[in-house]
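Peer 1: sharing a model prediction with you, sequence too.
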Amino acid sequence: MEADVEAEPGQRHTLGAFLRARREALPAPAPISGQKDRRRTPGWRREEVAAAANVSTTWYIWAEQGRNISFSPHALARLAAALRLTPAERAYLFALAARLDPAPPHESADQPLPEDLRALPAAITAPAYILDALYTGHAWNQPAQALFAPWLQRGEPNLLRFVFQHEAARNFIPDWPARAQRLVAEFRAETIHEPTAPARQALINALLRESPAFARFWHNHEVLAREGGTRVFHHPQHREMRFVQHNLIPAAHPGFKLVVLVAGG
């Protein structure tokens, strides 16, 4: 077994203690019919976890002991499944092992908006709306409806389609080329969560066919985090309006984002 030179000794011992705690928290499997199962410790045995995760028992024992061994991402993923880890526990496991999760839990691109999130924008006085993983608007408050009238009143809930397929977007967003290019780079960055999702690919293919600007920006392969900052809009009735945009990701539903715009900037 190769030495794991990336994980610190303290992390390896913490990782081992975490694995043991999660193993012992598992409900003991039902005994085989006609046999008694005398367990001295709660939860599963080490060899049972190793078998469920398709790893050697020795390797798993060494992992719990905090030894200096190699942790492959796929072995960790199988361990996470065998131990029935929650998304937060899975992320903690990979962080302790200093490895990237090959398939981090993420909500599907066509996941319906939970009702508790749908009510959130109405509780905010500043313009606020919720986007899904495809940048489709699902809920917004009255200030957002008034501000984004050129977008939301067109019956086009998808932000990418509005920006690249409606001429009104170029008048509404004064720095349209820079903002549109950044929007594509932010969207590309988020495709890592579900790169082959049919709904996402269908949207990308449609925009590539119908918008030369989108195609040009998409093929640049720029990747940017979706950060806030100053946003300027040319509203048809109120002329220039300036805001500071904040993007918030609900911890329980990371496939959605709450966007809030505070006056100023």
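Peer 2: Good, I have the coordinates. Numbers count the residues shown, from 1 in each chain.

Peer 1: strands along the stretch 1-150 of the chain, start to end?
Peer 2: Listed in chain order, the strands of the stretch 1-150 of the chain (DSSP state E, counting those that start in this stretch) span 128-131, 137-140.

Peer 1: which of the residues in the last one are buried?
Peer 2: For strand 137-140, burial by neighbour count (16 or more other Cβ atoms under 10 Å) applies to 137, 138, 139, 140. To be clear about C-beta, it is placed using only N, CA and C from the backbone, and glycine gets the same treatment.

Peer 1: tell me the one among the residues you listed nearest to residue 127.
Peer 2: Residue 127 has its nearest neighbour among the buried residues of strand 137-140 in residue 140, at 7.8 Å by Cβ to Cβ.

Peer 1: and that closest one, what does it touch?
Peer 2: 121, 127, 128, 129, 130, 148, 152 (Cβ atoms under 8 Å, 6 or more residues apart in numbering).

Peer 1: pull the residues that contact the top helix by length along the chain.
Peer 2: Secondary structure assigned by DSSP state H gives helix 9-25 as the longest helix of the chain. When contacts are defined by Cβ under 8 Å, 6+ apart, helix 9-25 is touched by residues 4, 7, 41-44, 46, 49, 60, 63-68, 79, 83, 85, 89, 92-93, 96-98.

Peer 1: could you dump that helix to PDB, C-alpha only?
Peer 2: This file holds the C-alpha atoms of helix 9-25, laid out as PDB (Å, rounded to 0.1, in the frame of the first residue of the first chain):
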ATOM      1  CA  PRO A   9      -1.100  12.700  10.800                       C
ATOM      2  CA  GLY A  10      -3.700  14.500  12.900                       C
ATOM      3  CA  GLN A  11      -6.200  14.200  10.100                       C
ATOM      4  CA  ARG A  12      -5.500  10.500   9.600                       C
ATOM      5  CA  HIS A  13      -6.300   9.800  13.300                       C
ATOM      6  CA  THR A  14      -9.400  12.000  13.100                       C
ATOM      7  CA  LEU A  15     -10.400  10.200  10.000                       C
ATOM      8  CA  GLY A  16     -10.000   6.800  11.700                       C
ATOM      9  CA  ALA A  17     -12.000   7.900  14.700                       C
ATOM     10  CA  PHE A  18     -14.800   9.200  12.400                       C
ATOM     11  CA  LEU A  19     -14.900   5.900  10.500                       C
ATOM     12  CA  ARG A  20     -15.200   4.000  13.700                       C
ATOM     13  CA  ALA A  21     -17.900   6.300  15.100                       C
ATOM     14  CA  ARG A  22     -20.000   6.000  11.900                       C
ATOM     15  CA  ARG A  23     -19.500   2.200  11.700                       C
ATOM     16  CA  GLU A  24     -20.600   1.800  15.300                       C
ATOM     17  CA  ALA A  25     -23.700   4.000  14.600                       C
END
